[in-house]
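> Take a look and give me a structure for this.
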Amino acid sequence: MVIDTNVILKVAELARLQLTEQEKEEFCFQLNNIVQYFERINQIDTTGIKPAEHIVELKNVFRKDEKLDRFNPDDFKQIVPHFEENHVVVPALIEER
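Model (predicted):
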């Protein structure tokens, strides 16, 4: 596949871009280099290679939920102003009408 100035002009028109002659030539050169690179990649023999969804093997990072007794209400009562029935009591932030 060769990208010529007609392709560049069509894409520029669709994107509502105004390109100078130098930009048109530069984009033709750059895009043709990219296409040539992909054509080289397409020549690589990939028989026997399975498609990969991700290049690094992934595993589930979640752990099983476990109840931990790290919360000591007595310790917490000392640092909060108002504590009732193992809950911190705070002033209402939204007033009712």
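
> The lowest-mean-pLDDT helix or strand in the chain - contacts with which helices or strands?
The weakest-scoring helix or strand in the chain, judged by mean pLDDT, DSSP states H and E, is helix 73-77 (a mean of 80). If you count contacts as 3 or more CB pairs under 8 Å, 6 or more residues apart in numbering; DSSP states H and E, helix 73-77 packs onto strand 83-84. Backbone N, C-alpha and C define where each C-beta goes, glycine included.

> which outside residues touch the strand it packs on?
P73, F76, K77, V89 (CB atoms under 8 Å, 6 or more residues apart in numbering).

> average pLDDT for whichever helix or strand comes after that strand?
Using DSSP states H and E, the helix or strand that follows strand 83-84 in sequence is strand 87-88. For strand 87-88, the mean per-residue pLDDT is 86.

> Kindly report the same for stretch 2-13.
Averaged over stretch 2-13, pLDDT sits at 92.
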